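Colleague: okay, predicted coordinates and the sequence, questions at the end:
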Amino acid sequence: MKEIKVCSNFKVYDTIDELNDQTKNLFKEAISIRKSAYSAYSNFSVGASVLLENGEILSGSNQENSSYPSGLCAERTVLFYANSKYPDTKVKEIVVVAGSNEKINEIPVAPCGACRQVISEYETKQKSNIGLYFMGEKGKIVYTDSINNLLPFKFDKTFL
Ligand code: THU
């Protein structure tokens, strides 16, 4: 038996003002699209924006359904959209802003397991990392340069 340690690296920013202009813009878009969330069942709204290598920003929000599993998270909404619109264009960054509709959430909200898997799939597909920023409705921002930091021991096509 041997023990292994898995190390993950994150940066924590106090405010959006500390970010570069392009990433600030991504946050602006994610905050704005969050208002379009269809979150009638959870009352939890999420906005996600991606920056593509062609400089374009695309955004999406969570879309719920009376048949709960038929809904989709904001991260997957925007990543599936981006990869449908531009199948050969790399995603450089993804920004996630999330919180309850009933109370102010100041705790950064990390993507769920299914979204981590999807982000990981696109990192593998495009052969480059996707920088990820996440925050609550306001407050601190967490950054990591690859989903590997949130999804060690990932499942990918090499197992198939
Ligand atoms: N949600 C997201 O959009 N992204 C996540 O990473 C976590 C959860 C959505 C799904 C559902 O509409 C609501 O938040 C509550 O789970």
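Modeller: Structure's in. What do you need?
Colleague: for the strand or helix carrying Ser59, name the packing helices and strands.
Modeller: Following DSSP states H and E, one finds Ser59 within strand 57-61. With contacts defined as 3 or more CB pairs under 8 Å, 6 or more residues apart in numbering; DSSP states H and E, the packing partners of strand 57-61 are helix 21-34, strand 44-52, helix 74-85. Just so you know, the C-beta spots here come from the backbone N, C-alpha and C atoms, and that holds for glycine as well.
Colleague: and this structure, which of its residues are near the ligand?
Modeller: Neighbours of the ligand within the chain, by CB under 6 Å from any ligand atom: 39, 42, 44, 46, 62, 64, 71, 73-75, 111-112, 115.
Colleague: would you turn the residues you listed into a markdown table with neighbour count?
Modeller: Listed next are these as a markdown table, based on neighbours: other CB atoms under 10 Å:
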| residue | neighbour count |
| --- | --- |
| Ser39 | 19 |
| Ser42 | 14 |
| Phe44 | 16 |
| Val46 | 27 |
| Asn62 | 23 |
| Glu64 | 19 |
| Gly71 | 17 |
| Cys73 | 22 |
| Ala74 | 29 |
| Glu75 | 28 |
| Pro111 | 24 |
| Cys112 | 13 |
| Cys115 | 25 |
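Colleague: out of these, which comes closest to Asn148?
Modeller: Nearest to Asn148 out of the residues of the chain next to the ligand is Pro111 (CB to CB; 13.1 Å).
Colleague: just the pLDDT at that closest one, thanks.
Modeller: The model reports Pro111 with a pLDDT of 98.
Colleague: surely it touches Gln117?
Modeller: No. Using CB atoms under 8 Å, Pro111 is not in contact with Gln117, being 9.5 Å away.
Colleague: now find how far off-centre the strand holding Ser59 is within its chain.
Modeller: 10 Å (CA atoms, centre = their mean, to the nearest Å).
Colleague: repeat that for stretch 88-103.
Modeller: 4 Å.
Colleague: list the buried residues for it?
Modeller: 90-99 (16 or more other CB atoms under 10 Å).
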